[in-house]
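Engineer: Only the shape, not the letters, is given here:
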């Protein structure tokens, strides 16, 4: 990952994680990901964590699988996560409780890390 962009404003140094795909989450994820080959996340369709996971998994040679609510049209962040190599699993009747349950079931069946 590239060095963070720093800006000075009124004597305050600002770390511009908003310029990093996936933001601060993408900066932290590599340090907490273990040896699993596949990482699964139950994501709100508008969540940036799906983008962070997709980016970091790709960079580390791992598979990201994102579970989210099915919609008529995918949210732009879900589209971007897929473009970065994430497998997208859209869940009909996508209340987060249902999305999480499907993600947990998937992990149990496939040996993936939630």
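Structural biologist: Sure thing, it's come through. Predicted model only: the values in this text are computed from it and were never measured. Residues are numbered from 1 along each chain as shown.
Engineer: Centre of the chain to the helix or strand encompassing residue 31, how far?
Structural biologist: Secondary structure assigned from DSSP states H and E places residue 31 in helix 23-32. Distance of helix 23-32 from the chain centroid (Cα atoms, centre = their mean, to the nearest Å) equals 10 Å.
Engineer: What of stretch 33-50?
Structural biologist: The answer for stretch 33-50 is 4 Å, by Cα atoms, centre = their mean.
Engineer: Just the mean pLDDT for the biggest strand by length in the chain, thanks.
Structural biologist: Counting residues, the longest strand found in the chain (DSSP state E) is strand 63-69. Mean per-residue pLDDT for strand 63-69: 98.
Engineer: which residues sit against the helix holding residue 31?
Structural biologist: 1, 4, 17, 20, 22, 48-49, 51-53, 55-56, 59-60 (Cβ atoms under 8 Å, 6 or more residues apart in numbering). Just so you know, the C-beta spots here come from the backbone N, C-alpha and C atoms, and that holds for glycine as well.
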